[in-house]
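Q: Pasting the sequence and the predicted model now:
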Amino acid sequence: MSDRLRRAALALLLSGALAALADPGDDEGSGDPEYARGRQAIEAKDWQGAVRLLSSAALRDTRNADIQNYLGYAYRNLGEMPLAFKHYSRALQLDPRHRGAHEYLGEAYLMIGNLGKAEEHLAALRRICLLPCAEYGDLEKKLAEYRKASALRP
Amino acid sequence: MAYVSCRCGSKAWPPKKASIRSNQNAVEISKQIGAKNWPGTGKIFPQASHAWDFMTYAYLQLGQDRNAKQLVDELKVSQMGFYPSIGTYAGTIAPAARYYLERQDWKGAAQLQPYGSPYPAAEAITHFARAMGAARSGDPAAAQADIDKLKQLREGLLAARQPYWAEQVEIQVLGAIAWLQDGQGNRDEALKFMRGAADLEDSSEKHVAMENRLYPMRELLGDMLRGYGEPAAALKEYEVSMKNAPNRLRGYYGAAKAAADSGQAKRASGYYGQLARLTRDADGDRAEIVELKQYLASAR
């Protein structure tokens, strides 16, 4: 093997090995630009934009529970509850321990007045969050507010 | 030139020996790459740490503790070449932790020193080993300190939006809390956290940078159940653990003991037989191998 060829082989070898060991960095992002922009749209409360970008990203990354959860959240904020439930459920199908999806789905059930289902998701979070997690606290607070408001209703 | 570091052989027979051979080649080639690219510096192609880790693991499963220790000591003084990554650091840090954990040398594990790498998930390896060591050698305060450190590392990873590694550290936190609770006599809490660690680990994918996970949490759940006098439940956990982490010395040993203690002599004999084959060239003085010899002598 010539010196040049050997060097090229070494470079290829190094790049492959190092790529395999590279840090995942923000492994929520999967490096998909539309996913990243979709998340920005969520933060900017641009729900239509989020749906457009995240739906496109979901076509490329069909097993990403985070994308499905964000889609559920965007649809929920658009008031399109059936679609919100569909995407939250898909998120939990992909990752039954997805804390965000349990929290948001619990909140969505409160929005349609289904306290029992919301409590089921709080119970799921209690099992999952052996270490305290914000999702449990947030949903617990929403449930307490819901119960209080229900008690005040004539 | 082919560079392959692998955990290969773990499902094939003879287990681990093929892994050692392949990884010895990988380390040798890493040294050659280092000598060629950084002459006179003593530096090694960084992925060698991965191969070192796999080899240490394999020797420990074969009960060849002297070989494992030699690798751990050699790695301490070796210099990895350019581009340190989480994989390089994890491969550098894990062998010493494995050495003490696999040998159940709790005092040794408790005395490991953090490496000081810039990668929280790699640093967590040492803190987990320290927490386990302290919890299982009767030093709850020291165990709690390392658990707190692990929690801090996890928080940092969450803040840095690295949920995968945060979850991996969470598994270690849950496992360490479980044994701390066990040491304090809180059986229900211990089992709750140990099962939580095992379930979370089983639901989580492996990452190439830590392909060879530090210690199977479900096997630890088996150990815990066996310690609580529930051998039949322990055996189930050992057998599930073997699917993800096959051909482990502690796995076969635990399963053999659990089977024997639950009145399943034939299964116990099968697992002792597998342990005997795995450790036929063992050089160490592990309690498991001493017990195995006693079992074989009494079975004759």
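A: Nice, thanks for sending it over. Numbering: from 1, shown residues only, chains lettered A, B, ... in the order given.

Q: Going by secondary structure, the residue nearest the centre of chain A is in what exactly?
A: Ranked by distance to the mean C-alpha position of chain A (C-alpha atoms, centre = their mean), the top residue is A:Asp66 at 2.6 Å. Element membership for A:Asp66 (DSSP states H and E) is helix A:65-77.

Q: got the buried residues for that helix?
A: The neighbour-count check on helix A:65-77 (16 or more other C-beta atoms under 10 Å in any protein chain shown) flags A:65-76 as buried. Heads up, the C-betas are built off the backbone N, CA and C, glycines and all.

Q: how near is the residue nearest to the centre of chain A to B:Ile86?
A: Per C-beta to C-beta, to the nearest Å, A:Asp66 is found 21 Å from B:Ile86.

Q: what's the answer for B:Asp182, then?
A: Per C-beta to C-beta, B:Asp182 is found 30 Å from B:Ile86.

Q: Can you classify B:Lys107 by secondary structure?
A: Under DSSP: H, G, I helix; E, B strand; the rest coil, B:Lys107 falls in the helix class.

Q: isn't it right up against B:Ser137?
A: Yes. Assessed by C-beta atoms under 8 Å, B:Lys107 is found in contact with B:Ser137 at 5.1 Å.

Q: so how many other residues sit close to B:Lys17?
A: B:Lys17 has 14 neighbouring residues, counting by other C-beta atoms under 10 Å in any protein chain shown.

Q: how near is it to B:Leu278?
A: From B:Lys17 over to B:Leu278 the distance is 10 Å, taken as C-beta to C-beta.

Q: Spit out the residues that contact these two alike.
A: Both B:Lys17 and B:Leu278 are contacted by B:Leu62, under the criterion C-beta atoms under 8 Å, 6 or more residues apart in numbering or on different chains.

Q: For the closest residue to chain A within chain B, what is the enclosing helix or strand?
A: Of all residues in chain B, B:Gly87 sits closest to chain A, at 3.3 Å by C-beta to the nearest C-beta. For B:Gly87, the host element (DSSP H and E) is helix B:86-102.

Q: and that helix, which residues are buried?
A: Applying 16+ other C-beta under 10 Å to helix B:86-102 flags B:86-102 as buried.

Q: Let me see the mean pLDDT of it.
A: For helix B:86-102, mean pLDDT rounds to 92.

Q: Point out where chain A drops to low pLDDT.
A: Residue ranges of chain A with pLDDT under 70: A:1-30.

Q: just the helices in it please.
A: Assigned by DSSP state H, chain A shows helices spanning A:3-21, A:33-43, A:47-60, A:65-77, A:81-94, A:99-111, A:115-128, A:134-152.

Q: pretty sure B:Trp165 is touching B:Glu123, no?
A: No. Assessed by C-beta under 8 Å, B:Trp165 is found out of contact with B:Glu123, at 10.9 Å.

Q: care to break chain B down by domain?
A: Domain ranges of chain B: B:119-214, B:216-282, per automatic domain parsing.

Q: before we move on, the earlier item: who has more neighbours, B:Trp165 and B:Glu123?
A: More neighbours surround B:Trp165 than the other of B:Trp165 and B:Glu123, with 26 against 22 (other C-beta under 10 Å).

Q: For the more buried one, which non-adjacent residue is spatially closest?
A: Spatial nearest neighbour of B:Trp165, chain neighbours left out: B:Ala121 (4.0 Å); criterion: C-beta to C-beta, 6 or more residues apart in numbering or on different chains.

Q: For that neighbour, what is the enclosing helix or strand?
A: B:Ala121 belongs to helix B:120-136 when assigned by DSSP H and E.

Q: B:Arg154 now?
A: According to DSSP H and E, B:Arg154 maps onto helix B:140-159.

Q: Compute the number of surrounding residues for B:Gly270.
A: Look at B:Gly270: counted by other C-beta under 10 Å, it has 15 neighbours.

Q: Quickly check: stretch A:82-94 near chain B or not.
A: No. If you take C-beta under 8 Å from any C-beta of the partner chain as the test, stretch A:82-94 misses chain B, and the best it gets is 11.4 Å.

Q: can I get the CA coordinates of that stretch in CSV?
A: C-alpha atoms of stretch A:82-94 as CSV (Å, rounded to 0.1, in the frame of the first residue of the first chain):
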residue,chain,number,x,y,z
PRO,A,82,-58.6,14.8,19.0
LEU,A,83,-55.3,15.5,17.2
ALA,A,84,-53.6,16.4,20.5
PHE,A,85,-54.7,13.1,22.1
LYS,A,86,-53.6,11.2,19.0
HIS,A,87,-50.0,12.6,19.2
TYR,A,88,-49.7,12.3,23.0
SER,A,89,-50.8,8.7,22.8
ARG,A,90,-48.3,8.0,20.0
ALA,A,91,-45.6,9.6,22.2
LEU,A,92,-46.5,7.2,25.0
GLN,A,93,-46.7,4.3,22.7
LEU,A,94,-43.1,5.0,21.6
